[in-house]
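*Asks:* fold the following, please.
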Amino acid sequence: MIQNKFNKFLQHRQSLLFQYKMGDLTKNEFIEAIFNTIERLGIKPFKRIDNVKKAIYNYQYFNALAKYYYRLSRDFPAGSKQKASLLAQSNSYYYEKDKVTMKLLKLLDFRNVEAYFVKVKSKKLQNKLFEIVIRDPDVLFEINTLSFSYGGMEADDLVLHSKNPFILKRLKEEGVFLDEKKRSVTDSYINQKY
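*Replies:* Residues are numbered from 1 along each chain as shown. This next block holds a predicted model:
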């Protein structure tokens, strides 16, 4: 049953991503639809991350919730209790997302990983937001016949984002962080406000 819900979530996310790329959904509508899918299916993150598929799922789960609560926070004035509470929820989910990002990188032993800072319009994200591209369908997708695609990149690439300095430090230590700023493979998504 859990596996079925897991696959339904990823397949539906894929469908929503396609609709977003075609212009049928705005970024806000995409974020809300992902959140509604999580709620409708009643799915939770895996407690034990012992394979790549579980890590990818947890990344998507925590990322969706972080973005959803951040988006909601924008509806409240600065300094309000509601805004502070929603931002705290968002930050908590981003923290969990970063933990699972590191777990995924360790599961892959940092193989087929390339990371770099991305060019962004947001001044708050400049020289902070970095992209992690994981290549090699044999490593990533051997555990699954479901095809993954993450907006604008090659069908077999997995693209993650973070601002976490510990992850950045580790990527540099592993020699997979490029000393250059590049256009994100999900540029239209990350540079669209929500």
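
*Asks:* measure stretch 177-186 end to end?
*Replies:* Across its full length, stretch 177-186 reaches 18 Å end to end, with CA to CA, to the nearest Å as the criterion.

*Asks:* what comes up buried for that stretch?
*Replies:* Using 16 or more other CB atoms under 10 Å as the burial criterion, the residues of stretch 177-186 that qualify are F177, K182, S184, V185, T186. For the C-beta atoms, the positions are set from N, CA and C on the backbone; glycine is no exception.

*Asks:* ok, stretch 109-117 next?
*Replies:* Residues of stretch 109-117 classed as buried under the neighbour-count rule (16+ other CB under 10 Å) are F110, N112, V113, A115, Y116, F117.

*Asks:* same deal with stretch 12-32?
*Replies:* Along stretch 12-32, the positions that meet the burial threshold by neighbour count (16+ other CB under 10 Å) are H12, R13, L16, L17, Y20, K21, L25, K27, F30, I31, E32.

*Asks:* tell me where the model's unsure across this protein.
*Replies:* Applying pLDDT under 70 to the chain picks out residues 1-3, 136-156, 187-194.

*Asks:* ok, 90 please
*Replies:* For the chain, the stretches with pLDDT under 90 are 1-31, 33-34, 37-38, 40-43, 51-54, 56-57, 60, 120-126, 135-159, 183-194.
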